[in-house]
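Q: this one's sequence-less:
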């Protein structure tokens with residue numbers, strides 16, 4: 001196990017710079033998730049840590065060793081890819097043992113490690129099967145097992161659940177969380193799915209356009225986003241944003257501060273409360289109701305045609321086209337600069 005340190009890490013392809021001076025500290029044993037929209041640089045950053053992409057500038061250190069010029073196979077990392085990349089002509093056992101065999105590890109040690117990893121991942125009964133006789137979830141566990149047997153200092157996961165259906169994603173996500181708890185090894189996990197990020201991470205790194213927007217625990221990012229981008233990216237459904245003109249006259253005086261034209265007010269769907277016209281912060285015309293049983297997602301449109309979503313315990317009883325007023329739970333509105341997106345305390 002090891003700390004991981006990135007200092008001023010940059011990546012360019014010719015004249016095009018895609019990573020812009022990333023600084024990051026990952027503590028020994030942490031589960032860190034890189035999250036962000038497609039093209040934000042999260043997989044590129046992971047591959048630079050792994051040694052699969054050359055670093056244009058800056059340094060990457062694992063423990064006390066700078067690894068910029070160290071070959072991927074010598075960095076003490078193991079990577080699990082989006083594709084399982086299993087050898088179809090080899091059994092599960094041989095797939096898991098292949099890397100160790102190539103490294104000329106003692107056969108008795110190989111056998112010990114493969115069987116121990118199989119037990120951890122509950123695939124002992126599949127060791128003699130070929131990959132084609134396994135489900136998608138089982139194949140992904142074999143790919144993870146192939147990483148475990150290397151006994152790395154750092155595990156790297158590049159969107160490992162993307163090829164699984166919804167039920168298998170949930171199941172495998174839980175297995176990865178339990179694996180981290182059992183191994184206590186540093187893990188870095190790339191995903192575009194903020195639900196995966198929120199449920200797995202000790203620390204989330206939100207990336208946009210090759211830059212870090214915010215680093216923090218899932219609850220920190222949810223409760224105190226540094227800017228409007230993070231506020232809307234973390235949370236599902238995403239945070240609603242309103243300009244001063246979208247708020248009722250009452251809303252402008254009950255949110256605890258003057259709402260200037262240069263401010264945006266952010267309100268999460270679950271932080272709305274039903275209110276009458278005399279104490280509503282925002283009003284909307286009912287457009288659609290998604291009744292999900294446990295709760296309902298109510299889609300509305302303000303008079304200025306801004307769409308927003310309120311999360312309610314029960315579906316509204318009024319007809320579509322009716323106007324509904326909402327207040328906000330005390331102290332749970334967020335304020336951002338409308339021009340820069342930066343949080344206003």
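A: Arrived safely, thanks for sending. Here the structure is a predicted model, which is why all the values come from computation and not from measurement. Numbers count the residues shown, from 1 in each chain.
Q: For residue 316, give me phi and psi.
A: phi -60, psi 150 (degrees, to the nearest 10).
Q: residues contacting residue 254?
A: Applying C-beta atoms under 8 Å, 6 or more residues apart in numbering to residue 254 gives the contacts 279, 281, 327. For every residue, glycine as well, the C-beta is placed using N, CA and C.
Q: if we take those residues, which one ends up nearest to residue 226?
A: residue 281 (23.6 Å; C-beta to C-beta).
Q: per-residue confidence at the closest one?
A: Predicted confidence (pLDDT) for residue 281: 93.
Q: same question, residue 183
A: At residue 183, pLDDT is 87.
Q: Can you pull the phi/psi pair for it?
A: According to degrees, to the nearest 10, residue 183 has phi -90, psi -30.
Q: out of everything not next to it in sequence, what's closest to it?
A: residue 148 (7.5 Å; C-beta to C-beta, 6 or more residues apart in numbering).
Q: Next, work out how far apart the one you found and residue 210 are.
A: Separation of residue 148 from residue 210 (C-beta to C-beta, to the nearest Å): 31 Å.
Q: try residue 305
A: 34 Å.
Q: More neighbours: which of the two?
A: Neighbours per residue (other C-beta atoms under 10 Å) separate residue 305 from residue 210, with residue 210 holding more: 22 against 8.
Q: ok, the more buried one to residue 25 distance?
A: Taking C-beta to C-beta, one finds residue 210 at 19 Å from residue 25.
Q: same question, residue 337
A: 28 Å.
Q: which residues of this structure fall in helices?
A: 42-50, 92-102, 107-121, 136-148, 166-183, 194-200, 218-223, 228-233, 249-254 (DSSP state H).
Q: Worst mean pLDDT among those?
A: helix 249-254 (a mean of 76).
Q: Report the buried residues of that one.
A: Of all the residues in helix 249-254, those buried under the rule 16 or more other C-beta atoms under 10 Å are 250, 251, 254.
Q: Could you do stretch 139-152 as well?
A: In stretch 139-152, counting by 16+ other C-beta under 10 Å, buried: 139-150, 152.
Q: try stretch 266-277
A: Within stretch 266-277, the residues that qualify as buried are 266, 267, 268, 269, 271, 272, 273, 275, counting by 16+ other C-beta under 10 Å.
Q: The second one contacts residue 240, correct?
A: By that I understand residue 267. Yes - with contact defined as C-beta atoms under 8 Å, residue 267 reaches residue 240; the gap is 5.1 Å.
Q: Identify the contacts common to these two.
A: residue 308.
Q: Tell me who's in contact with residue 289.
A: Here residue 289 is in contact with 296, 297, 298, 299, 315, 316 (C-beta under 8 Å, 6+ apart).
Q: now swap in residue 313 and tell me
A: 295, 296.
Q: likewise residue 72?
A: 50, 51, 52.
Q: and if we set it to 10 Å?
A: Taking C-beta atoms under 10 Å, 6 or more residues apart in numbering, we find residue 72 in contact with 47, 49, 50, 51, 52, 53, 79.
Q: Of these, just the buried ones, ChimeraX syntax please.
A: Command for ChimeraX that selects the buried part of the contacts of residue 72, burial taken from 16+ other C-beta under 10 Å:
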select :47,49,50,51,53,79
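Q: how about TSV for the contacts of residue 72, with distance to residue 291 added?
A: Formatted as TSV, the contacts of residue 72 follow (distance: C-beta to C-beta, whole Å):
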residue	distance to residue 291
47	43
49	44
50	45
51	50
52	46
53	46
79	42
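Q: per-domain residue ranges of the protein.
A: 4-232, 237-337 (automatic domain parsing).
Q: show me where pLDDT drops low in the chain?
A: Across the chain, the ranges flagged by pLDDT under 70 are 1, 256.
Q: Geometrically speaking, which residue is the centre of it?
A: residue 197 (2.9 Å; C-alpha atoms, centre = their mean).
Q: wait, what's in contact with that one?
A: By C-beta under 10 Å, 6+ apart, the neighbours of residue 197 are 32-36, 189-191, 203-206, 218, 221, 233-234.
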